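Asker: Predicted model and sequence follow; I will ask about them next.
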Amino acid sequence: MIGRKKEQNELRELYESKKAELVAVYGRRRVGKTYLINELFGEEFAFKHTGLSPTEIKGKRFLKAQLDQFYISLRDYGLTDSSKPENWQEAFYLLRKLLERKSCGDRQVVFIDELPWLDTPRSGFITGFESFWNGWASAQHDSMVIVCGSATSWMKNKLISNYGGLYGRVTYELYIAPFTLRETEQFFEEKGIGFSRYDIAESYMIVGGIPYYLGYFKRHLSLAQNVDELFFKPYAKLKDEFDRLFASVFINPDRIRNIVELLGTKRLGYRRGEISEKLHLPNNGKLSEDLDALISNGFIVSYVPFGYSGKEIHYKLVDPFCLFYIHFIKKGVKRSQNYWLDNMSSQSVVVWKGLSFENLCFNHIGQIKSSLRIAGTDSTESAWSPKASAGSDGTQIDMIIDRADNVVNLCEIKFYSIEMTVDKDLYLAMQERKDLLGSMVPRKKAVRNVLITTFGVKKSEYCNVFANVITLDDLFREE
């Protein structure tokens, strides 16, 4: 298995514990949650079930279809002499009977995948599951119940932070993050795909560290050919993935998709009032729920840009796949089937690469901090776009790392295909930005310029304007 070392160790420790465990596993759709659990415990399952997708069955038949499928899983794992359950209380009672018959003192692993899909309106699912865990499974020292879901907000609100009968009942929660650059490299190596680190970085800027998407890359094709196969050719594998992504996770996919598409249009993101105004949505609790759901699923982040008051929270799209789709694939935009191969050096693609590399860097803050030897130091990170004033021109600072050790790193981020040359213009610009930032931070803090680029810099009379240079190899560090 590629990566996931920490997660594997944690799950194995839970398996070896001598008490009942209720483990909640969550993370973005397609990130590899099910694969991880199947690989670790596939031969140990006393029972496994996967909920039916709400996009497949609509209306009143949905509850019956879920119960029927649950009954099929029970029979697959050995249940006999029982009729179909009429509700979730009966369904979980049958699961209890099955496990009691199988019990021999060894660990019994129960895996229920896509748990949120089972919780249909007025189905009584939570009550049934609560009765199963509180009333029986939690008292069985051999039971390990693993529940998994891509609807991360549901997992957090209905299960992990439940204030009813399941309050405090989850014994362990495990978030599955996308692959890092290094894990992506290992994944490609395992598949025999010989991409350079430059191409791996670009692939990450397109699909992120999502194993499901990375699995479509073919070793006999170049990166550009792979991108055309996945997005621009007739019947491209990922051409419709954007819509499927939201339909399978969110109750109101159209509304969520509109928020994501809006956030994909602005580098710093938008305040919630701006989102409400631009999309004509009430600025109420429902909007808060939508934004929290997108944050929980890892599509967006909330943050306060440097220099803003603590109340001016911005919401920013950070999911690479969504950013790429919005920029190049969204409805109404026609592209040739060899678009990426034909436009690798076009101005629009070059500009996109620069912005996407910035996003990649924000997704690898841990590696950047390790390179600066401040891995254990508290910090906040954001971009900054100070407005022009009478005394200065407007400027753009790609990343600011405001550290607890009285240093502020002013980071310039450049995606180049060769070593970068620091010329006089950049030297003067960095000095001006450093002075501007220095005038805004407490006097006890020092400002240091940092360059984050692909292949480093050529020696020149101006290169010493940067106290640190972080390269692509540094971003491939293992944390």
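Answerer: Now that the structure is in, tell me what you want to look at.
Asker: all strands for the stretch 151-300 of the chain, in order.
Answerer: 172-175, 270-271, 300-303 (DSSP state E, counting those that start in this stretch).
Asker: And Thr50, how far from Ser150?
Answerer: From Thr50 across to Ser150, the span is 12 Å (C-beta to C-beta, to the nearest Å). For the C-beta atoms, the positions are set from N, CA and C on the backbone; glycine is no exception.
Asker: between those two, what contacts are shared?
Answerer: Glu114 (C-beta atoms under 8 Å, 6 or more residues apart in numbering).
Asker: Give me the more crowded residue out of those two.
Answerer: The neighbour count for Thr50 versus Ser150, taken as other C-beta atoms under 10 Å, is higher for Ser150 (25 against 17).
Asker: so what's the more buried one closest to, chain neighbours aside?
Answerer: Spatial nearest neighbour of Ser150, excluding adjacent residues (C-beta to C-beta, 6 or more residues apart in numbering): Arg29 at 3.9 Å.
Asker: Can you tell me how far the one you found is from Asp119?
Answerer: 17 Å.
Asker: Show the model's pLDDT score for the residue nearest the centre of the chain.
Answerer: Residue closest to the mean C-alpha point of the chain, counted by C-alpha atoms, centre = their mean, is Gly298 at 3.9 Å. We have a pLDDT of 89 for Gly298.
Asker: Pro305 and Thr453, how far apart?
Answerer: Note on Pro305: its distance to Thr453, by C-beta to C-beta, is 23 Å.
Asker: who's more crowded, these two?
Answerer: Thr453 (21 against 17).
Asker: Show me what that one is bridged to.
Answerer: Judged by DSSP bridges, the bridge partners of Thr453 are Lys414.
Asker: Look at Lys48 and give its secondary structure.
Answerer: Under DSSP: H, G, I helix; E, B strand; the rest coil, Lys48 falls in the strand class.
Asker: That one against Glu114, yeah?
Answerer: No. Using C-beta atoms under 8 Å, Lys48 is not in contact with Glu114, being 11.6 Å away.
Asker: Could you count how many residues lie near Ile256?
Answerer: Neighbours around Ile256, by other C-beta under 10 Å: 21.
Asker: name the element the residue nearest to Gly165 when sequence neighbours are not counted belongs to?
Answerer: Spatial nearest neighbour of Gly165, chain neighbours left out: Glu130 (4.2 Å); criterion: C-beta to C-beta, 6+ apart. Using DSSP states H and E, the element containing Glu130 is helix 125-135.
Asker: That helix: what's the following helix or strand?
Answerer: Next helix or strand after helix 125-135 toward the C-terminus (DSSP H and E): strand 143-149.
Asker: Describe which strands that following strand pairs with in its sheet and in which direction.
Answerer: Strand 143-149 is paired, per DSSP bridges, with strand 21-26 (parallel), strand 108-113 (parallel).
Asker: in the chain, which helix or strand is least confident?
Answerer: When the helices and strands of the chain are scored by mean pLDDT, DSSP states H and E, helix 152-154 comes last with a mean of 86.
Asker: Need the contact partners of it.
Answerer: Applying C-beta under 8 Å, 6+ apart, the contact partners of helix 152-154 are 26-28, 115-116, 119, 289, 292-293, 296-298.
Asker: Any regions of the protein where pLDDT drops low?
Answerer: The model of the chain has pLDDT under 70 over residues 56-60, 331-332, 387-394.
Asker: again, only using 80
Answerer: 54-60, 162-165, 167, 307, 331-333, 385-395, 479 (pLDDT under 80).
Asker: Okay, domains of it per the record?
Answerer: The record's domain parsing of the chain by automatic domain parsing lists 5-175, 181-239+329-357, 243-328, 367-475.
Asker: Could you check which helix or strand contains the residue lying farthest from the centre of the chain?
Answerer: What lies farthest from the middle of the chain is Asp81; by C-alpha atoms, centre = their mean that is 43.8 Å. Using DSSP H and E, Asp81 sits in no helix or strand.
Asker: cool, and Asn38?
Answerer: Per DSSP H and E: helix 33-41 holds Asn38.
Asker: Can I get that helix in PDB, CA atoms only?
Answerer: Extracted in PDB, the C-alpha atoms of helix 33-41 (Å, rounded to 0.1, in the frame of the first residue of the first chain):
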ATOM      1  CA  LYS A  33     -10.900   5.400   2.500                       C
ATOM      2  CA  THR A  34     -12.500   2.100   1.500                       C
ATOM      3  CA  TYR A  35      -9.300   0.800  -0.100                       C
ATOM      4  CA  LEU A  36      -7.300   1.400   3.100                       C
ATOM      5  CA  ILE A  37      -9.800  -0.500   5.200                       C
ATOM      6  CA  ASN A  38     -10.200  -3.300   2.700                       C
ATOM      7  CA  GLU A  39      -6.500  -3.800   2.400                       C
ATOM      8  CA  LEU A  40      -6.000  -3.900   6.200                       C
ATOM      9  CA  PHE A  41      -9.000  -6.000   7.300                       C
END
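Asker: Check which helices and strands that helix is in contact with.
Answerer: Applying 3 or more C-beta pairs under 8 Å, 6 or more residues apart in numbering; DSSP states H and E, one finds that helix 33-41 makes contact with helix 5-16, strand 21-26, strand 108-113, strand 143-149.
Asker: how close does the residue nearest to the centre of the chain sit to Asp119?
Answerer: Distance of Gly298 to Asp119, given as C-beta to C-beta: 21 Å.
Asker: would CSV of the strands of the stretch 151-300 of the chain with distance to Lys233 and mean neighbour count be doable?
Answerer: Shown next, in CSV, are the strands of the stretch 151-300 of the chain (distance: least, C-beta to C-beta, whole Å; neighbours: other C-beta atoms under 10 Å):
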stretch, distance to Lys233, mean neighbour count
strand 172-175, 34, 17
strand 270-271, 34, 18
strand 300-303, 30, 18
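Asker: Would you tell me which of those gets closest to Gln140?
Answerer: Gln140 sits nearest to strand 172-175 of all the strands of the stretch 151-300 of the chain, at 16.6 Å, using C-beta to C-beta.
Asker: quick one: strands adjacent to that closest one?
Answerer: Counting by DSSP bridges, strand 172-175 is paired with strand 21-26 (parallel).
Asker: Sort out which residues of the strand it pairs with are buried, please.
Answerer: Across strand 21-26, burial judged by 16 or more other C-beta atoms under 10 Å covers 21-26.
Asker: ok, now stretch 433-446?
Answerer: Buried-residue list, stretch 433-446, by 16+ other C-beta under 10 Å: 433-434, 436-437, 441, 445.
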